[in-house]
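In: Here's a sequence, model it:
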Amino acid sequence: MITWQCLAFNQLNTLQLYQMMMLREEVFVVEQNCPYQDADGKDLQAKHVMAYQDTELVAYARIYTSEPLSAHIGRVVTKASARSKGLGQQLMQQAISQCQQHWPNATIHISAQRYLEDFYQGLGFVICSEPYLEDNIPHIGMEIRAND
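Out: This next block holds a predicted model:
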């Protein structure tokens, strides 16, 4: 059974913080072979959407806002052992719902890896940018407009 939490940075305990950083590093740095600066300062103001199976963090995303009022979903990650079970879709639905709850008038933005474009379109996102490289990985900007 999956349990969900959405916590501000100052609500995370040290174990949750460690699990969050470990999962992000495990997938983004090691699995995707993409060295990058993960600790970018945005975690401090973000809310952290986490899926636990028992005590194991199996999926994670962070949500935050910027001016003018825009919501952002990023660092979307599912543990390799938990993939292909619909958890990624549940994670994004949780993240979208949390954005809409906390910032109901904000357009939600993501920087999507190109190979996941159809997945995000299935969740209601539309393309809003030309393709670009982020950390040497093809991406596309996508959004769900406020009140759509």
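In: Only C-alpha atoms from now on, for both contacts and neighbour counts.
Out: Fine.
In: which residues of this protein fall in helices?
Out: 14-24, 87-102, 117-121 (DSSP state H).
In: okay, these, which one's buried deepest?
Out: Sort these by mean neighbour count, taking mean count of other Cα atoms under 10 Å, and helix 87-102 sits at the top with a mean of 18.
In: Contacts for it next, please.
Out: 6, 49-51, 59-64, 71, 73, 76-78, 106, 108, 123 (Cα atoms under 8 Å, 6 or more residues apart in numbering).
In: So which of the residues you listed belong to strands?
Out: When DSSP state E defines the strands, the subset of the contacts of helix 87-102 inside them is 6, 49-51, 59-64, 71, 73, 76-78, 108.
In: And those residues, which is closest to M20?
Out: Y60 (7.2 Å; Cα to Cα).
In: Who are the contact partners of the closest one?
Out: When contacts are counted by Cα under 8 Å, 6+ apart, Y60 touches 20, 48-51, 75-78, 91.
In: before we move on, the earlier item: I'd like to know which of the contacts of helix 87-102 are buried.
Out: For the contacts of helix 87-102, a burial check counting by 16 or more other Cα atoms under 10 Å picks out 6, 49-51, 59-64, 71, 73, 76-78, 106, 108.
In: Skip the chain neighbours and tell me the closest residue to C34.
Out: The shortest distance from C34 to any non-neighbouring residue, by Cα to Cα, 6 or more residues apart in numbering, is to F28 (6.2 Å).
In: State the distance from the one you found to A80.
Out: 11 Å (Cα to Cα, to the nearest Å).
In: which of those two has more neighbours?
Out: Between F28 and A80, F28 has the larger neighbour count (other Cα atoms under 10 Å), namely 17 against 13.
In: Quick check: the gap between the more buried one and Q11.
Out: 24 Å.
In: Same check on F125?
Out: Separation of F125 from Q11 (Cα to Cα): 29 Å.
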